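A.B. asks: coordinates for the following, if possible.
(chains A and B)
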Amino acid sequence: MIDIKLPEIGENIEKGTVIKLLVSVGDQVTKGQDLLELETDKATIPVPSAYSGVIKEILIKEGQDVEIGAVIMRLDARSLESGKAKPATPQPKPQAQQKTQAVRQHSLNVGETSPDLQRKSGGQPPVDLKNIKVAVVGAGPGGYAAAFLAADLGLDITLIDRDINPGGVCLYRGCIPSKALLHAAKVLSESKDAKHFGIEFNKPKIDLDKLRGWKDSVVQQLTGGLGILAKQRKVKYVRGTATFVDSTTLLIKKEDGSSEKSKFDYTVIATGSRPIKLPFQPDSKRLLDSTTALELENIPKSLLLVGAGYIGLELGTVYAELGGEVSVVEMMPGIIPGADRDLAQVLEKRLKTIFKNIMLSTKVLGMKETKDGIKVSFEDKDGKKFDETYEKVLVAIGRKPNSENLGLDKTKVKIDPKGFIEVNGQRRTADPHIYAIGDVAGNPMLAHKASHEGRIAVEAIAGHKVAFEPNAIPAVVFTDPEIAWAGLTETEAKDQGIEVEVVKYPWAASGRALTLNRSDGFTKLLIQPRTERILGVSIVGPGAGELIAEGVLALEMGSVVSDLKLSIHPHPTLTETLMESAEIFFGQSTHVYKPRKKG
Amino acid sequence: MIDFKLPAVGENIEKGTVIKLLVSVGEAVAKGQDLLELETDKATIPVPSPNNGVIKEIFIKEGDEVKVGAVIMKIETRQHSSNAGEASPDLQKKSGWPPAAKISEQKPKIATKTTTRAVPQPMSRTPLPNEAIPPQTNVPAAPVVRRLARELGIVISQVQGSGPGGRISDDDVKAFAKQIILGAGQMGGGLAKKTLPDFTKWGEVERQPMNNIRKITAEHLSYCWQTIPHVTQFDNADITELEDLRKNRSTDHRKLTITAFLLKVMAWGLKEFPQFNSSVDMDTQEIIYKKYIHLGVAVDTDRGLLVPVIRDVDKKSIVELTDELGKMAERARTRKTSLEELHGSSMALTNLGGIGGTHFTPIINWPDVAILGVSRGVWEPVYADGKFIPRLKLPLSLSYDHRIIDGADGARFLRWVCRKIEQTSWADELR
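C.D. replies: Below is the predicted model:
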């Protein structure tokens, strides 16, 4: 007779509830056959038999809580083994003991390391998360998402930021205000475009103060809302800055000038990034960065964008639509480095109609403030040097992580040569008490990546088994047209030698695009030929930023191209372009005649 | 007892091919448990059991084409329900399981709801702590499924997805977890048994039972292979002089063999490198050093491989060893080898030189920790004193147990053996 014990079924799972018995006394079972279904914190797991034999006794019933290692059934192995020479009964028992011993040992090795780890063990026995003190430094979209989730999970949470309300660069000086202004730009652009279908407006009157006020009110409303949400969740919001005294102590310098030292079990660094300056740029009010450009002091007659990345081009679009004469200079041979060239080209074509000049493969050698503006000297790819004077210059050549001045030298946190804090899958730094998320923890510097990381870090602190492991982090350029991509790009596929089949659906074939008078976009899918799995989605065209979300879901779900093809998409919408690009893969697109070449 | 008929598995599907039987006769099945996988025009469909019970008879085999409505199995439902059912359950019960035994012997397999697909062997035998699992990006599994894997301590990229495009479902993850549960603490366990295909699909075949030696060899060598981490080291020994001597000293009455010389060198080697004359006890975490030198010699017989052992090789002369080898081989071929003779070796030697070939990778004869493989001597040009001279080189292959023998020691041992072969004054040994 063998005692069947509940085997170890997952890391740190100590007990479970029997939700279904799959055998009864007298049943013949084979090794590996499921005996019962056990419900644990997270999952329902079938528990297989380690032996073949006949069930003689069942010591548990449905609904009962059972601990790992408890004897749940007794089984007679003889009835099956009787034909064999080996003595069946005496042998398995010591084996069974050995086995459970080995398994126990393993779980001890894992569990014993620290009280912290034990506290985290899967929620059982109940841990008092209230006693875990967590600080989040920086209340951008990463920091406040982290703090809010921490509060929702019941952790003791303090959120530290210098602004009056949570929001960070994204809400105060980035994504949100720029999108408000881009909306205004879009209204201007579309009203001009309307003359193509018989609607002509007079030249618009632009009240810059009112526009700025509206933009600020959007920011106010959002950040104020976050302040209320923080209060509702009982997040301790401290206005000030924080530096590390040691791994678990922060020196908080408050807005009112006072300062205090506080102990925290864990700190999440979410201090973000700031614009990079050119080494030779003069200290002048004529020099703008992404923050000051959003202040919209005036519409300069001539504006030079240094850097054709997404930040520069978005802001450049705003200034151009508001009536400024905008030029762009970019060192690289194309705009929007990182995006596939075919996407960038569609944007470049349109930008040429609103920008005065797009100078690619051109270096900025120097800048000098004159009484009329900033005199900029350039060198083009042929080595030709020339000067040009602009009323204002917006430098948007990238951002760098805010990892300095945090007192990280007092901790075990490691920083890479680019200034990013090094983190593991849980966003934990080399210091076990410190996590880092968002821009300060590495590229891509995107708000949505930061919030996801923030939530992962807090879940990890609360003892959940999680990791930052997205299949796709979408990137969106909010120009007109918008560019968006997720997952693998064609350029990456080429560079990494990944075999893909590329299908493109031109928006000229989309009814919806034509009704918007915009047929310049396209939707592109990258497909793994062997599995027909979707590996990448890129879109260029108005609304691409909204459309990409479906691509992200497809990538996260491990969808194959047929999943997209077989999902009914609403008509007439631009989302159909995703479905039809999937149809193109099979040579069966309704609105594009493109038979499949291969059998 | 119920006759289980193939149910209608889909609209307009009238028949299908049994691609996998998931149960065998004598097995208890639960209602809803899958009994077989049926391949139809459009899809492969698992066919579930209509009742709880025990499979009494199976009328189909894998590869059969079955029509909807055909009786495919007899299932005896449980006592309480069967009372209400068929007329003579007792009679059936008494008839016992004879047809059962045969089939279940042939197809011992894991039959469960979640193992309806071939489950790959988990690489990690134990659940891993979360931080030990690196971020798993670009995995064809939904975010919740990836989280489930982390909950269970599974590296999801090791799970083979059963869905389209290799998509991993929560069932795939659970089945994988189950393999870990079954395999925990067991050497080589956790491998899902795979079913052989029906070879008759491709032509005529014949099934022959294994003889005893074959069965034992198969079991024993599988065990050796699975428990011992093998490394094989190759080297060549110059036997030009030794071979001359061997030929000269051989007579019609007594033919000296290279095996005898090698046994002698091995015996010396085991004295020099005692870790090669040991066994590993993983349960007590001890190494057992042997103070005796008994060497196994693989003998090819018409019934299969035998490894009889020559005792106290270190105390015997080349001539004595030659004589003993001859007798031993004779006993093996005439099936007179005693069971006693087959155990207690320090190390084994396997000489394939009579057949040919260069190096090979012999499997260690557990509980030994090393084996020396010998191939056929080859004339090779050796560059010496500004010219090439022909030398007879003997390819040697040493497999050793890497748990207790480090690579450097493996190489050192074999080099030592080669040098000993080359530098021993064999004429003196034969005096």
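
A.B. asks: relative to the strand ranked longest in chain A, what are the paired strands and their orientations?
C.D. replies: In chain A, taking DSSP state E as the definition, the longest strand is strand A:236-246. The strands beside strand A:236-246 in its sheet (DSSP bridges) come out as strand A:156-161 (parallel), strand A:249-254 (antiparallel).

A.B. asks: for the stretch 201-350 of chain B, what lies in contact range of chain A?
C.D. replies: The stretch 201-350 of chain B comes close to chain A at residues B:Asp283, as judged by CB under 8 Å from any CB of the partner chain. Every residue, glycine included, has its C-beta placed from N, CA and C.

A.B. asks: per-residue pLDDT, B:Val54?
C.D. replies: Reported pLDDT at B:Val54 in the predicted model: 83.

A.B. asks: name the helix or strand for it, please.
C.D. replies: According to DSSP states H and E, B:Val54 maps onto strand B:53-58.

A.B. asks: show me where the stretch 51-200 of chain A has its strands.
C.D. replies: Using DSSP state E, counting those that start in this stretch, the strands of the stretch 51-200 of chain A run over A:53-58, A:65-67, A:71-76, A:133-137, A:156-161.

A.B. asks: same question but for the stretch 251-400 of chain B, I mixed them up
C.D. replies: Remark: strands assigned in the stretch 251-400 of chain B by DSSP E, counting those that start in this stretch are B:278-281, B:286-289, B:295-297, B:299-301, B:304-306, B:309-310, B:347-351, B:370-374, B:378-384, B:387-401.

A.B. asks: okay, those strands in a markdown table with mean pLDDT, mean neighbour count and distance to B:Arg147 next?
C.D. replies: Output for those, formatted as a markdown table (pLDDT from 0 to 100; neighbours: other CB atoms under 10 Å in any protein chain shown; distance: least, CB to CB, whole Å):
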| stretch | mean pLDDT | mean neighbour count | distance to B:Arg147 |
| --- | --- | --- | --- |
| strand B:278-281 | 92 | 17 | 40 |
| strand B:286-289 | 92 | 12 | 43 |
| strand B:295-297 | 95 | 25 | 53 |
| strand B:299-301 | 87 | 17 | 56 |
| strand B:304-306 | 85 | 18 | 51 |
| strand B:309-310 | 94 | 20 | 56 |
| strand B:347-351 | 95 | 23 | 51 |
| strand B:370-374 | 97 | 26 | 47 |
| strand B:378-384 | 93 | 11 | 60 |
| strand B:387-401 | 95 | 19 | 41 |
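
A.B. asks: and B:Thr361, which of those is closest to it?
C.D. replies: strand B:387-401 (6.1 Å; CB to CB).

A.B. asks: can you name the element that comes right after that closest one?
C.D. replies: Downstream of strand B:387-401 (by DSSP H and E), the next one is helix B:407-423.

A.B. asks: contact partners of that following helix?
C.D. replies: B:231, B:233-239, B:241-242, B:261-262, B:265-266, B:268-269, B:272-273, B:275-276, B:370, B:372, B:394, B:396, B:398, B:400, B:402, B:405 (CB atoms under 8 Å, 6 or more residues apart in numbering or on different chains).

A.B. asks: mark which of those residues are buried, thanks.
C.D. replies: B:231, B:233-239, B:241-242, B:261-262, B:265-266, B:268-269, B:273, B:275-276, B:370, B:372, B:394, B:396, B:398, B:400, B:405 (16 or more other CB atoms under 10 Å in any protein chain shown).

A.B. asks: now the stretch 251-400 of chain B against chain A: closest residue?
C.D. replies: Going by CB to the nearest CB, chain A is nearest to B:Asp283 of the stretch 251-400 of chain B, at 8.0 Å.

A.B. asks: just the pLDDT for that residue.
C.D. replies: B:Asp283 carries a pLDDT value of 77.

A.B. asks: how near is it to A:Arg399?
C.D. replies: Distance, B:Asp283 to A:Arg399, by CB to CB, to the nearest Å: 59 Å.

A.B. asks: which one's more surrounded, those two?
C.D. replies: Using other CB atoms under 10 Å in any protein chain shown, the more surrounded residue of B:Asp283 and A:Arg399 is A:Arg399, with 20 against 7.

A.B. asks: hang on, the earlier thing: tabulate the strands paired with strand A:236-246 (CSV), appending mean neighbour count.
C.D. replies: Below are those laid out as CSV (neighbours: other CB atoms under 10 Å in any protein chain shown):
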stretch, mean neighbour count
strand A:156-161, 24
strand A:249-254, 18
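
A.B. asks: mean pLDDT and distance to A:Glu260 added to those, as TSV?
C.D. replies: TSV is the format used below for those (pLDDT from 0 to 100; distance: least, CB to CB, whole Å):
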stretch	mean pLDDT	distance to A:Glu260
strand A:156-161	97	11
strand A:249-254	96	6
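
A.B. asks: relative to A:Pro444, which of those is closest?
C.D. replies: Closest among the strands paired with strand A:236-246, once you apply CB to CB, is strand A:156-161, at 22.2 Å.

A.B. asks: run through who's touching the closest one.
C.D. replies: Strand A:156-161 is contacted from outside by A:129-140, A:143-144, A:147, A:150-151, A:166, A:168, A:230, A:235-242, A:250, A:252, A:262, A:264, using CB under 8 Å, 6+ apart.
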